[in-house]
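Visitor: test case, fold it:
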Amino acid sequence: MDAKQRIAQLRSRHGEAEPSGAGVTATQLPAASHEVLARVVQLRETIERHNHAYYVLDAPTIPDAEYDRLFRELQALETQHPELLTADSPTQRVGGKVLDGFAPVRHAVPMLSIRTETDTEARGAFNFDTRVKNALETSNEIEYTCELKFDGLAINLRYERGVLVQAATRGDGESGEDVTQNVRTIHCIPLHLKDCKADVLEVRGEVYMSRKDFNRYNGKQREQGLPTLVNPRNGAAGSIRQLDPKLAAQRPLSFFAYGLGEVRGWELPATHSAILDALQGFGLPVCDERAVVAGAQALAEFHQRVAAKRDTLPFDIDGVVYKVNSLALQKQLGFVSREPRWAVAHKFPAEEQLTVLRDIEVQVGRTGKLTPVAKLEPVFVGGTTVSNATLHNEDEIRRKDVHIGDTVIVRRAGDVIPEVVGVVLERRPADAKPFVMPTTCPVCGSHAVREEGEADARCSGGLFCAAQRKQAILHFASRRMMDIEGLGDKLVDQLVDEHIIRSLPDLYRLDVATLASLDRMAEKSAQNIVAALEQSKHTTLNRFLFALGIRHVGETTAKDLARHFGKLEAIMSASVEQLLQVPDVGPVVAQSIADFFAEDHNKEVVNELRKSGVHWEENEGTAHLVLPLTGKTFVLTGTLPKMSRDEAKTRLEALGAKVAGSVSKKTDCVVAGTEAGSKLDKARELKVPVWDEAALLALLANNGEGFTP
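Guide: All right, here's what the predicted structure looks like:
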């Protein structure tokens, strides 16, 4: 439908006849002028085109800000001219009034289910092909369309003259529920079809929630302490059946078309695959993961190919669907027991099963994260036997109301770690026990700390805890920390697994003979590592602090601590109040530092490292000084001709300045060299003073005195 036809359609809705002449005048329109009406039509077409690019093609063509501007302009015009507002406007996707219930909808063409092939191996494809050939009394190869079996909610979309007028659930196949308002909130479903001449076109398909959208939605819910969705399928079904369309609009849903219901005024193509191509041409989303093949072997290969990449798909599927491609052959095959003989669902092994949760243990990860793990009655799910499943954290256990002894729903998708996604409350035994999160690390006995706003509890014994040993060593040896060249993952694995290293000080007890005896380690390589260990002993206080792996203490905070206190002993004995006096150290960071050094075993590791020869130059610090550039923030951008940016940063920080990586209203000065880019643009936009290198050198020569940007 072109713009002129759309204008005529809008006019007809207001009871006006199309004028006989080609021209249109303002007096022939309702309250809105011709220009306003034309702009409304243009905006709607433009917005729907961008919706299609974003939600269907996953290839946005304009920035979000520009899309929002167009949308707001359309909203404003419809507010000023309410007589132009129609149900198929893109602005009506946000949801309408709360419903009392869903009205029943009788399907003109029943929404029948298809037979499921229970043999999940290749034989299932051969079984179906044999049944089709026998029914057709032929030995010739049959052409089939192969599609994915989406794990969502079946929906019937009714379009009249290309306009979406109704959406209904499958229900019992004969009648479903009117969910039009909720379906309108799904942006990938077009409110208008492109170039569709049919008087009536009912499109069948699946509403689903992508894995990315499911995880993002659940993440936001957890942050707000709100209930999460059990799985993407429940998320899709529950969203469509929300009585408040505004709530449905908040849940990100998608749609794939895969078939037809009632059709009037459109001559059907000869094959099912051509129907899918036509639906895609009308602007409906159709999954690209489909194929036209001939014969049972090709069906089996499609099943195997999809099964192999099932876990990498952006959405959940539980099998594939085979359909005889020829509509004439479909008609000849007909139905049996209200199931089409010409289609079958060839499923994959189930990804969810029920089992009993026998106990909950707490595992400690490489970074100290404490994760509750369900110990299960072994169950075959997702193609393997599962006896352990993650429960994520204490909040998730509370939210799902999981008790030891419960019958639980376990989900496993391919290589994804199995998880407990729900509880069957009616099967809860009388002796079921709630879970209590331990207050100490089950591995090393250190305090388990859960910071405010954090979902996870963590072991505070980073340098002492055996579970964190490998991670602590790799972090300690990294280039920007102690810079021990050659000490990589594989070598650390050997050293820890063979119990050669139990804590960081053991690194400095390594000798050439011990290292050379390890797999894939020559004597020359061993000598190089011993030399690197010896060289690393001479370091700086800030590098050493960073290397200790104190939670929330990164490179910049380590520098701030070293500059402020000057000596390690002063940091180790500092109170939270004293730590808060360090620039940019807030309550969470201060508490983390205090907790770290409150553990005796952490202090013991530090002392042992110093006894091993690790040393640095110390000073009195700046806690008692007010440096010339204290409280000032600089940003460096571009290439400085006479000094490196690292050198400029070091000299500015020595005078008390903070050198930030981005420009904001709090920036006091931007130093721009050659080829300065977006940071310089941002500085000009915010009217932040911009200096060249000469001005910086003059400031440094004057030791920061008299700074006036």
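Visitor: now the helix or strand hosting residue 571, how far from the centre of its chain.
Guide: Taking DSSP states H and E as the criterion, residue 571 maps to helix 568-572. The chain centre lies 41 Å from the centre of helix 568-572; the measure is CA atoms, centre = their mean, to the nearest Å.
Visitor: which is the next helix or strand following it?
Guide: helix 576-579.
Visitor: give me the distance from that following helix to the chain's centre.
Guide: 37 Å.
Visitor: what does stretch 673-689 give?
Guide: That offset, for stretch 673-689, works out to 33 Å (CA atoms, centre = their mean).
Visitor: same thing with stretch 487-495?
Guide: Distance, centroid of stretch 487-495 to centroid of chain: 32 Å (CA atoms, centre = their mean).
Visitor: show residues contacting the helix holding residue 571.
Guide: Helix 568-572 is contacted by residues 541, 544, 545, 561, 565, 593, 597, 603, 606, 618, 621, 623 when judged by CB atoms under 8 Å, 6 or more residues apart in numbering. Where C-beta positions appear, they are placed from N, C-alpha and C, glycine not excepted.
Visitor: change it to 10 Å
Guide: For helix 568-572, contacts defined as CB atoms under 10 Å, 6 or more residues apart in numbering pick out 541, 544-545, 548, 550, 558, 561-562, 564-565, 578-579, 582, 593-594, 596-598, 602-603, 606-607, 610, 616, 618, 620-621, 623.
Visitor: tell me the buried residues in that helix?
Guide: 568, 570, 571, 572 (16 or more other CB atoms under 10 Å).
Visitor: again with stretch 453-467
Guide: So for stretch 453-467, counting by 16+ other CB under 10 Å, buried means 456, 457, 458, 459, 460, 461, 462, 463, 464, 465, 467.
Visitor: so how far is residue 364 from the fifth one?
Guide: This points to residue 460. As judged by CB to CB, to the nearest Å, residue 460 and residue 364 stand 11 Å apart.
Visitor: what do these two both touch?
Guide: By CB under 10 Å, 6+ apart, the residues touching both residue 460 and residue 364 are 441, 444, 446, 448.
Visitor: mind listing what the second one touches?
Guide: Put plainly, it is residue 444. 364, 368, 459-462, 464-469, 599, 601.
Visitor: again, 8 Å this time
Guide: Residues counted as contacts of residue 444 (CB under 8 Å, 6+ apart) are 459, 461, 464, 465, 466, 467, 601.
Visitor: now swap in the first one and tell me
Guide: Listed by CB under 8 Å, 6+ apart, the contact set of residue 441 reads 364, 368, 370, 447, 448, 459, 460, 461, 465, 467.
Visitor: where's the dip in pLDDT among those residues?
Guide: Taken together, the contacts of residue 441 show their lowest pLDDT at residue 461, with 81.
Visitor: contacting residues around it?
Guide: 368, 441, 444, 445, 446, 447, 468, 599, 601, 602.
Visitor: mark which of those residues are buried, thanks.
Guide: Of those, these count as buried by 16+ other CB under 10 Å: 368, 441, 444, 446, 468, 599, 601, 602.
Visitor: mind listing residues that contact the strand or helix carrying the last one?
Guide: Under the criterion DSSP H and E, the helix or strand holding residue 602 is helix 600-611. Contacts of helix 600-611 from elsewhere in the structure, counted by CB under 8 Å, 6+ apart, are 444, 446, 461-464, 503-505, 508, 548, 568, 572, 596-597.
Visitor: change it to 6 Å
Guide: Residues from elsewhere that reach helix 600-611 (CB atoms under 6 Å, 6 or more residues apart in numbering): 463, 464, 503, 504, 505, 596.
Visitor: do the same with stretch 101-112
Guide: Outside stretch 101-112, the residues that touch it by CB under 6 Å, 6+ apart are 168, 170, 173, 174, 175, 176, 177, 178, 261, 262, 338.
Visitor: neighbours around the residue nearest to residue 585 when sequence neighbours are not counted, how many?
Guide: Of all residues not flanking residue 585 in the chain, residue 579 sits nearest, at 5.7 Å (CB to CB, 6 or more residues apart in numbering). Close neighbours of residue 579, defined as other CB atoms under 10 Å, add up to 21.
Visitor: for residue 579, give me its contacts.
Guide: The neighbours of residue 579, taking CB under 6 Å, 6+ apart as the test, are 585, 590, 593.
Visitor: same list (those) but as a markdown table, adding secondary structure.
Guide: As requested, the contacts of residue 579 are arranged in a markdown table below (DSSP: H, G, I helix; E, B strand; the rest coil):
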| residue | secondary structure |
| --- | --- |
| 585 | coil |
| 590 | helix |
| 593 | helix |
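Visitor: so which of these wins on neighbours?
Guide: residue 593 (25 neighbours).
Visitor: a markdown table for the contacts of residue 461, including distance to residue 689?
Guide: A markdown table is the format used below for these (distance: CB to CB, whole Å):
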| residue | distance to residue 689 |
| --- | --- |
| 368 | 43 |
| 441 | 50 |
| 444 | 51 |
| 445 | 54 |
| 446 | 48 |
| 447 | 47 |
| 468 | 46 |
| 599 | 46 |
| 601 | 49 |
| 602 | 44 |
